[in-house]
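K.L.:
no sequence for this one, just the structure:
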């Protein structure tokens, strides 16, 4: 029984559920983009030359190479990459840059001697140049 309880604990952890939801949403988004490319984008691209990308094939010794399907897949991949970049990566990088703490000012490493105006270490109690005692 403890093995089943461990499995339940593993499955119900938040990041596993988030990953499962992301996978399902990604698959749905992929299907949507593939349908968009296959049904709308490639027919529009093929209008000037009256080309149907799905029908572009090349056959060698009975083996058929689906060049048009590959072109559709490349266009789908580029479309998904562009969508992810503009709708996920860019907004998240903007949010992460807003959340960053501003850099803290660095304390000075030296100070000026009030008697001879030489630059001396901040912790010095006597000036090495004029030997004045500092406060």
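P.N.:
That came in fine, so what should we check first? Since the structure is predicted, the reported quantities are computational estimates derived from the model, not experimental observations.

K.L.:
Report the central residue of the chain.
P.N.:
Nearest to the geometric centre of the chain sits residue 89, at 4.4 Å (Cα atoms, centre = their mean).

K.L.:
Look at that residue and give its secondary structure.
P.N.:
Recorded secondary structure, residue 89: helix (DSSP: H, G, I helix; E, B strand; the rest coil).

K.L.:
do the same with residue 98
P.N.:
helix.

K.L.:
Need the pLDDT of it.
P.N.:
Residue 98 is assigned 73 on the pLDDT scale.

K.L.:
and what of residue 121?
P.N.:
91.

K.L.:
Return the residues in contact with the nearest residue to it once chain neighbours are set aside.
P.N.:
Leaving out its chain neighbours, the residue that sits closest to residue 121 by Cβ to Cβ, 6 or more residues apart in numbering is residue 110, at 5.8 Å. C-beta here means a position set from N, CA and C on the backbone, and glycine is covered the same way. Neighbouring residues of residue 110 by Cβ atoms under 8 Å, 6 or more residues apart in numbering: 119-122.

K.L.:
now do residue 51
P.N.:
So residue 51 contacts residue 45 (Cβ under 8 Å, 6+ apart).

K.L.:
Mind checking what secondary structure it has?
P.N.:
coil.

K.L.:
What values do phi and psi take at it?
P.N.:
phi -110, psi 130 (degrees, to the nearest 10).

K.L.:
any idea how far residue 66 is from it?
P.N.:
14 Å (Cβ to Cβ, to the nearest Å).
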